[in-house]
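J.: Below are the sequence and a predicted model for it; my questions follow.
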Amino acid sequence: MSKLELGVCYYPEQWDRSLWRDDAQRMAEMGLDWVRIAEFTWGLIEPKRGTFKWDWLDEVIDILGEAGLRVMMSTPTAAPPKWLIDEHPEILPVGADGKVRGFGSRRHYCFSSEVYLAEARRIATEYSRRYGQNPYVHAWQIDNEYNDHDTVLSYSDAARDGFRRWLAERYGSIDTLNKTWGTVFWGARYSSFDQIELPNGLVASPNPTHALDFARYSSDRVRLFNRTQVDVLREFSPGRDITHNFMAGSFEFDHYAVAVDLDIVGFDSYPLGNLLGSTLSDEEKRRYLRTGAPDYQGFHCDLYRSQGRGRLWVLEQQPGPVDWAEKNPSPADGMVRLWTWAAYAHGAQTVMFFRWRQAKFAQEQYHTALLRADGSQDQAAVELAQVVSERAALPEATRAMAQVAMLLDYESIWAADILPHDEAFPNAQIFREWYAGLRALGVELDFVGPQDDLTGYALIIIPQSMIVSPGLAARLMDSQTKLLVGARAGSQTNNMHTPQDLAPGELTELVGVKVQRVESLPDLAGETVRLEDGTTHEFTGWREIIETRETVIACFSSAYRDGSPAIVRSDRATYLAMIPRGPLLQAVLANALNWANIPTSQCGPDLRITYRGELGFAFNYGATSLSLPEDSARSYLFGGSEISPYGVSVWRDL
């Protein structure tokens, strides 16, 4: 599938039966291909244990299918029914504060509950037996948004008991655990696995290896929960694609591990909903208040496309103001169209809009949709019509492998949260900032994980990889690819220990440095980095004192050890002894790309250009018209060399 397909999230159970057939007909007439349904229907389908009421859902599927729409069915495990909670209250998750999180919204379950795992398998079996080979059901979504409302980490008794079993299997003996965790520190030695509690509610910070192991255990439980339902669907619904809708900006479990078990990786895209809570400056938030950050869509599409081995769907696309952020502005007219084409340009096969009709009751009444609550078309429906018209003009095209890859490791993100050393350490934000910096230079990216194939790239970017295993280091060495390596890389072993020969540990041979000391500086320190071309840039936060025999291409200007190396380059690697941001980051990225012979172009803050096969796409996130660089002859399929505010142009190079 290489032409854009379109869909919508539909909740027929929230509307009178008399509307269903008209809804399906309107969907088909509007050019929609897919309808996602049923992710919150467990309590409606099984109102009490063993009693099933399928008739209404059978009818909905028939109506949608007869209208020519393909159905994505969902397993309903994101919202267990009240009768099940009453039977087994131990299913409920427990927050870090030790309080049980109750029934009444959604995601009220603990991944560690063996009772709930069995119930999830049971209800997934019932749904897949009923609809697994229905001719109108072409795909499945499992559950809904793992970690929404911070639900990956649960501090329940089930989590404690499961964690103990996981530790016993991982370490074999309590002596090995004590040695690995370093429990001699603060006298925290254990004499049995049954003594180990969860790392919450402590007087001070937990042992970092303890905390990292709990994050690993919790991530493993997410994968087990997902895979359990995948196995059921493989048995009863063979030949149908299976997906899950990951959340943009979520790093709390290992998405690579979960993606291995899926056919398609999906994610939910809310560029405005996530803007004000980001670490962008107030000036940037003001600039992009009605567009979202220019690289929000691209970052998540490139990340999840890579994890999906080329198969990416946007399973919820923001259609207008949402209802769940601190503030909820309207997107500029044209942005829903722009986000849709940006997703396609970055590799999405399908974009589904959330939702069909705006709810008249309950928690999401202010969340806009394609239709208003009275059934009239909202702005997103107008822009959908334009997308449907435009897609007919486009030939099929497939996203090509990029020259540059960014290594993103979830364990390293957890590790930096656990042991930050700098309360303002940007951590996961580093990936977004580096990605945005590369895209502003016109560079296409893939993402790779620690286990992925690293061959074939001209440059691998490693913004933040605190934990580098011997296997990963060996594969980086064998790849013969040039590397741009951020500070803190290799600074912790797999057990959250300082490497025997100090940081960067397993990367020492590649980068040719040894980290002697680290510090974190407040903004008021006023320190700078002096590049080899004589320019200087301010920096703050993380700084390393390193020794090296490799070429120093930038130095610190500082009251402390003035002139010490800030950037070092060996034959294969460029290593940074600080966290660059802003203009310094742009200078570092441009230098590294030039070193790797990768061409760049200056896009400015509002223009983004990307390619999907032979098709070029340009997107204007600004409020004034922009002109494309005159660096090639183009045949425009829609739009032109002058891109209007919030506009899109698509072309073939001649």
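T.: Arrived safely. Numbers count the residues shown, from 1 in each chain.
J.: what secondary structure does residue 158 sit in?
T.: helix (DSSP: H, G, I helix; E, B strand; the rest coil).
J.: what's the domain layout of this protein?
T.: 5-149+228-391, 404-595, 607-653 (automatic domain parsing).
J.: Nearest to residue 158, out of the ones you listed?
T.: domain 5-149+228-391 (4.3 Å; CB to CB). All C-beta spots, glycine's among them, are computed from the backbone N, C-alpha and C.
J.: before we move on, the earlier item: of the domains of the chain, which approaches residue 176 most closely?
T.: It is, among the domains of the chain and with distance given as CB to CB, domain 404-595, at 10.6 Å.
J.: Using JSON lines, lay out the domains of the chain together with mean pLDDT, mean neighbour count and distance to residue 198.
T.: Shown next, in JSON lines, are the domains of the chain (pLDDT from 0 to 100; neighbours: other CB atoms under 10 Å; distance: least, CB to CB, whole Å):
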{"stretch": "domain 5-149+228-391", "mean pLDDT": "97", "mean neighbour count": "19", "distance to residue 198": "9"}
{"stretch": "domain 404-595", "mean pLDDT": "97", "mean neighbour count": "19", "distance to residue 198": "14"}
{"stretch": "domain 607-653", "mean pLDDT": "95", "mean neighbour count": "17", "distance to residue 198": "43"}
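J.: export those to TSV and tack on distance to residue 211?
T.: Below are the domains of the chain laid out as TSV (distance: least, CB to CB, whole Å):
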stretch	distance to residue 211
domain 5-149+228-391	11
domain 404-595	5
domain 607-653	38
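J.: sec struct for the spatially closest residue to residue 272 that is not a sequence neighbour, please.
T.: Among residues not flanking residue 272 along the chain, residue 292 sits closest, at 5.3 Å (CB to CB, 6 or more residues apart in numbering). With three-state DSSP as the basis, residue 292 sits in coil.
J.: how near is residue 292 to residue 316?
T.: Going from residue 292 to residue 316 by CB to CB, to the nearest Å gives 14 Å.
J.: isn't residue 228 right next to residue 120, touching?
T.: Yes - using CB atoms under 8 Å, residue 228 and residue 120 qualify as a contacting pair, with a distance of 6.6 Å.
J.: gap between the helix or strand harbouring residue 7 and the chain center?
T.: Here residue 7, judged by DSSP states H and E, is contained in strand 5-9. When distances are taken as CA atoms, centre = their mean, to the nearest Å, strand 5-9 is centred 20 Å away from the chain's centroid.
J.: Can you pull out the residues in contact with that strand?
T.: 27, 31-37, 72, 315-316, 340, 349-356, 370, 384, 387-388, 391 (CB atoms under 8 Å, 6 or more residues apart in numbering).
J.: Ramachandran angles for residue 405?
T.: With angles defined as degrees, to the nearest 10, residue 405 sits at phi -120, psi 150.
J.: Repeat that for the one 10 residues further on.
T.: Backbone torsions for residue 415, taken as degrees, to the nearest 10, come to phi -60, psi -40.
J.: which ones are touching it?
T.: Residue 415 neighbours (CB under 8 Å, 6+ apart): 208, 212, 466, 467, 492, 496.
J.: Can you tell me which of the residues you listed comes closest to residue 18?
T.: After measuring the contacts of residue 415 against residue 18 - CB to CB - the closest member comes out as residue 212, at 54.8 Å.
J.: and that closest one, that's in a helix?
T.: Yes - using three-state DSSP, the secondary structure at residue 212 is a helix.
J.: so how many other residues sit close to the nearest residue in space to residue 459 that is not next to it in sequence?
T.: Nearest non-adjacent residue to residue 459, counting by CB to CB, 6+ apart: residue 596, 4.1 Å away. Using other CB atoms under 10 Å, residue 596 has 18 neighbouring residues.
J.: who's in contact with residue 596?
T.: Taking CB under 8 Å, 6+ apart as the test, what residue 596 contacts is 458, 459, 482.
J.: show me where the stretch 451-600 of the chain has strands.
T.: Listed in chain order, the strands of the stretch 451-600 of the chain (DSSP state E, counting those that start in this stretch) span 459-462, 482-485, 513-521, 527-531, 536-539, 541-548, 551-557, 565-569, 573-576.
J.: Great, nothing more from me.
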